[in-house]
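Enquirer: This is a predicted model, with the sequence first.
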Amino acid sequence: MRRRWLVPIALFGAAVVTAATASAAPSKSARGTRDNAIRECIAEARAEAPANLGTVSPADPGGGRVETYKSCMVKKGFRP
């Protein structure tokens, strides 16, 4: 009697796990869009802020690149 319920319960469990995994994973196009935004924001940060060649200021340790990158990603609608 118990074995009769094992297969349907196992199939239901597998279906739930598959559905949860599919909905949680970002699509390939969403990942590509984020990757493009990252590339563009890195290029923008490099262009706007000069290279920090060994002279790190306590007031601006990232040379401005970090803030430029963060603001660019936010403007594009992504988390930095």
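Expert: Nice, thanks for sending it over. Numbering: from 1, shown residues only.
Enquirer: Roughly how far does G64 sit from N36?
Expert: In this view, G64 and N36 are 23 Å apart by CB to CB, to the nearest Å. No exception for glycine: its C-beta is placed from N, CA and C like everyone else's.
Enquirer: Same check on S71?
Expert: In terms of CB to CB, S71 sits 17 Å off from N36.
Enquirer: Between the two, which has more neighbouring residues?
Expert: S71 (14 against 11; other CB atoms under 10 Å).
Enquirer: Let me see the ranges of the helices in the protein.
Expert: With helices called from DSSP state H, the chain shows them at 3-24, 28-48, 65-75.
Enquirer: Worst mean pLDDT among these?
Expert: Ranked by mean pLDDT, these bottom out at helix 3-24, with a mean of 68.
Enquirer: Can you list phi and psi of R79 for me?
Expert: Phi and psi for R79, reported as degrees, to the nearest 10, are phi -80, psi 140.
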